[in-house]
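coordinates for the following, if possible.
(2 chains)
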Amino acid sequence: MKPVIEVSDLKVFYEDTQALNGISLDVYPNEILGIIGPAQSGKTTLLKVINRTLEFTQGTSLEGTVKLDGVDINSISDVHGLRKRIGMVLPLPVGLPLSIYDNVAFAPRTSGLRNKSELDEIVERCLQQAALWDEVKDRLDSLGTKLSGGQQQRLTIARALSHKPEILCLDEFSIAVDPITTMRIEDVLKTLKEEMTILLVTNLVQQAKRLANRTAFMLNGDLIEIDETDVIFSDNPTSQSTYDYVNGNFG
Amino acid sequence: MNAKIMNRSELIYHIIAIVTLAIIIFLFWNFSTDKPHVEGEITSDLAVDDTSSLIDRYLYRMIPILCGAGLFSIVIALYLEEWLTQTTWQYRIIERYIVILAKVPSLVYGIFAVYFIVFHSQKVLNYPLLLIAILLVMPVTIRSTQKAIQSVDISVREAAYALGATKLRMIADNVLPNAFPLIVAGICTAISRILAIVALIVIISNWINSSNIFTIPKSAVVLISSAVIASIFSSILDYKQVT
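Reported below is the predicted structural model:
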C-alpha cells in the first residue's frame, strides 16, 4: 500500500535546540497512527511540521523531507490549501471569537461555501461527530468562547472535521475532556478512519492501545519504534524502553 | 555579524529620536519666546461662549480628520504587527518614533495648539488641525492597536491558519474582533486628550478676549466633561479586556 505521508530523516531545530533527530516513518491511508512518548519527545513538533504550522514559531529550521501523496509539503506554494487537507486539534481548546455556528462554519466558508442549507448540514454533522450537538443545538448563536473547557475542545474537534480533511492530527485531544465524552469521541474516531487518516498524539498509552492500528514510540526527539499496536503493547516490543514506557516503568 | 548590524540600527534610531526631540524643544522654545500678537489684534474663532458655535466652527472640521487619523492608525498598527517583522530595523525605527510621540505629555501638544490656533488662527487654521490629528491621535491609537493585536493569543492565529484561513481572513475574523475593545479604548483615550486640549484652547482664548479671567466658558465645561467621560469609557474597556 502506498503511504499517504512519508517522513524521511526529519530533523527540526528550535534555534540551537534539536527537537527531532532525523526520524523516518510512513503513514498509510485510513489508519490511526498513535504517537506516544513522554514530554519533550517531539510528538507535537512532528504534527506541526506535517501541517506546516511550525512556521509560526520563530527561529525554527528543519532538514529532511515530509511528503504528502508523494509531494514534498515544503514545496507546496498553496499552504492554505495544504492546511485544509490536514485538520489539526490542539491540546487545549482554542475558541475563535465567533458563535458556535460560525466556529464550525469557518473553514467551509474560507473554502468559498456560502449556501446556508449546506452549511447547516455541515455544522450539525460535525457537532454530532464531536458529541456536542445535543448540548448546543438550541444556542448555536452563542459565543463559542463561552462554552466550558470540555465543550470548547469538542467544538475544536467539530471545527477540524468541518472541511473534511484527508488527514486529522489530534494532539492530546482528550486532555480537557471528561472520560465519558472521551469514549464517545473515540467511537467517532473509529468511524472516521474509514474516511480519513488519523495521527493521534497522546500521553494516554491506553488510548493509543484502544484506537491505534499502529503505534510509534518517541523519546527525546528519536523515533524508538513503530509497529503494529499489538506488538508495541506486547511483552516483546523491539526496544526495552518501549516496553518500560508502555508498562509505566518511566515517563 | 548580527551584533554589528543590531548596534548600527540601534544607533540610527537613537540619533533620529534625539533629533526629533531636539526639533520639538526648538519649536517649543521658539514660540514660547515669540510675541506674535499686539494688544487688541488677537482674534480667535474659538473665543466664544457658545457650545453650538464652537461645534459649528471647529469640531465639525475635526471629526473627519479624527476618523481618518483613527482608521489610518489602525492600518499602520496592523501593518507593523502583521506584516513587518519585529526584528527588522524598519520596525524598530517606526516603533521608537511612535513611542516617543505617544509619550509626549498632552500639555506639550496643547501649547502647540494654543500657539497655532489662538495666535495664528487666521493664517493657518487647517494646518494645526491636521498637525494635532497626526501628533496627538495617531501615536496613541497606533500604540493601543499594537498592544491590542499583540494581546491576541498565538493559538487563536494558529487555529485559524490550521483551518486554511488566509492572513486577511485571520485578521478580519479573529484578530480584530479580539482586539476591538482595546482599539476602541485607545481611540477614546485619543479623543479624550484632544477634547482636553480644545478645552484648554477655549479657556485661553476666553482669557485673552475677556477681562474676567475667572469665567470659564460653557463650551469648555462641555469639552472637559466629554473628555472625562471618554477617559472613563476607555478605562472601563481597558479593564474589561484585561480581566
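
CA only for contacts and neighbour counts going forward, please
Will do.

just give the number of residues close to the residue of chain B found nearest chain A.
Closest contact between chain B and chain A, by CA to the nearest CA, is at B:Gly164 (4.3 Å). Neighbour count for B:Gly164, taken as other CA atoms under 10 Å in any protein chain shown: 27.

go ahead and confirm it touches A:Arg109.
No - assessed by CA atoms under 8 Å, B:Gly164 is found out of contact with A:Arg109, at 10.3 Å.

re the thing from before, SS state for the closest residue to the residue of chain B closest to chain A other than its chain neighbours?
Take B:Gly164 and drop its neighbours on the chain: the residue closest to it by CA to CA, 6 or more residues apart in numbering or on different chains is A:His80, 4.3 Å away. Three-state assignment for A:His80 (DSSP: H, G, I helix; E, B strand; the rest coil): helix.

got the contact list for A:His80?
B:161-166 (CA atoms under 8 Å, 6 or more residues apart in numbering or on different chains).

which of these ranks first by neighbour count?
That'd be B:Leu163 among those, by other CA under 10 Å, with 30 neighbours.

didn't that one look like it was pressed against A:Leu90?
No - if you go by CA under 8 Å, B:Leu163 and A:Leu90 don't touch, sitting 12.0 Å apart.

ok, how many other residues are close to the closest residue to A:Leu82 other than its chain neighbours?
Among residues not flanking A:Leu82 along the chain, A:Asn51 sits closest, at 7.0 Å (CA to CA, 6+ apart). For A:Asn51, the neighbour count with other CA under 10 Å is 27.

run through the residues that contact A:Asn51.
A:Asn51 neighbours (CA under 8 Å, 6+ apart): A:82-83, A:86-88, B:162.

can you tell me the element A:Glu6 falls in?
Using DSSP states H and E, A:Glu6 sits in strand A:5-14.

partner strands of that strand, with direction?
strand A:17-27 (antiparallel), strand A:60-68 (antiparallel) (DSSP bridges).

ok, now how distant is A:Arg184 from A:Ala160?
17 Å (CA to CA, to the nearest Å).

related to what we said a few turns ago, okay, the residue nearest to B:Gly164: pLDDT?
Note on A:His80: pLDDT of 86.

check A:Ile23 too.
95.

report the rounded mean pLDDT for the longest helix along chain B.
As assigned by DSSP state H, the longest helix anywhere in chain B is helix B:176-209. If you average the pLDDT over helix B:176-209, you get 79.

can you show me the strands along the stretch 51-200 of chain A?
A:60-68, A:71-72, A:86-89, A:167-171, A:197-201 (DSSP state E, counting those that start in this stretch).

how about B:Pro177, what does it touch?
A:Pro97.

let's see 10 Å
A:96-98, B:149, B:152, B:171, B:183 (CA atoms under 10 Å, 6 or more residues apart in numbering or on different chains).

follow-up on the earlier one: okay, A:Arg184 and A:Ala160: which has more neighbours?
Just comparing A:Arg184 and A:Ala160: by other CA under 10 Å the higher neighbour count belongs to A:Ala160, 29 against 13.

and the pLDDT at the more buried one?
So A:Ala160 comes in at 90 (pLDDT).

on that earlier part again, want to throw the strands of the stretch 51-200 of chain A into TSV with mean neighbour count and mean pLDDT?
TSV is the format used below for the strands of the stretch 51-200 of chain A (neighbours: other CA atoms under 10 Å in any protein chain shown; pLDDT from 0 to 100):
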stretch	mean neighbour count	mean pLDDT
strand A:60-68	18	94
strand A:71-72	14	94
strand A:86-89	28	89
strand A:167-171	25	93
strand A:197-201	25	95
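
can I get these in TSV including distance to A:Lys137?
Below are the strands of the stretch 51-200 of chain A laid out as TSV (distance: least, CA to CA, whole Å):
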stretch	distance to A:Lys137
strand A:60-68	36
strand A:71-72	40
strand A:86-89	22
strand A:167-171	25
strand A:197-201	27
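
just to revisit the earlier point, where does the residue of chain B closest to chain A land in three-state SS?
coil.

so it sits right up against A:Gly87, yeah?
Yes - using CA atoms under 10 Å, B:Gly164 is in contact with A:Gly87, at 9.0 Å.

list residues touching both of those two?
Common neighbours of B:Gly164 and A:Gly87 (CA under 10 Å, 6+ apart) are A:His163.

which non-adjacent residue is nearest B:Phe180?
B:Ala148 (7.5 Å).

surely the one you found meets B:Val175?
Yes - shown here, B:Ala148 and B:Val175 form a contact pair, counting by CA under 10 Å, at 8.8 Å.

quick one: contacts for A:Asp227?
Counted by CA under 10 Å, 6+ apart, A:Asp227 has contacts A:33, A:213-217, A:233, A:237-238.

what is in contact with B:Leu163 and A:Leu90 at once?
Common neighbours of B:Leu163 and A:Leu90 (CA under 10 Å, 6+ apart) are A:Ala160.

before we move on, back to that, and the residue nearest to A:Leu82, its phi and psi?
Main-chain torsions, A:Asn51, degrees, to the nearest 10: phi -100, psi 20.

I'd like the distance between it and A:Asp222.
Taking CA to CA, one finds A:Asn51 at 20 Å from A:Asp222.

got it, and A:Leu68?
Counting by CA to CA, the gap from A:Leu68 to A:Asp222 is 21 Å.

okay, now the unreliable bits of the chain?
Assuming you mean chain A. Within chain A, the stretches with pLDDT under 70 are A:251.

wrong one, I was asking about chain B
B:1-63, B:113-134, B:209-213, B:240-243.

now the helix or strand hosting A:Gln207: buried residues?
Taking DSSP H and E as the criterion, A:Gln207 maps to helix A:205-211. Applying a neighbour-count criterion of 16 or more other CA atoms under 10 Å in any protein chain shown, one finds A:205, A:207-209, A:211 buried in helix A:205-211.

count the neighbours of the residue nearest to A:Thr65 when sequence neighbours are not counted for me.
Once flanking residues are discounted, A:Thr65 sits nearest to A:Ser8: 5.3 Å by CA to CA, 6+ apart. Residues near A:Ser8, counting by other CA under 10 Å, number 16.

before we move on, what about A:Ser241?
Neighbours of A:Ser241 (other CA under 10 Å): 17.

ok, of the contacts of A:Asp227, which come out buried?
Using 16+ other CA under 10 Å, the buried members of the contacts of A:Asp227 are A:33, A:213-217, A:233, A:237.

now render those residues as CSV, adding secondary structure and distance to chain B.
As requested, these are exported to CSV (DSSP: H, G, I helix; E, B strand; the rest coil; distance: CA to the nearest CA, whole Å):
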residue, secondary structure, distance to chain B
A:Leu33, strand, 20
A:Asn213, coil, 25
A:Arg214, strand, 25
A:Thr215, strand, 24
A:Ala216, strand, 24
A:Phe217, strand, 25
A:Phe233, coil, 32
A:Pro237, coil, 35
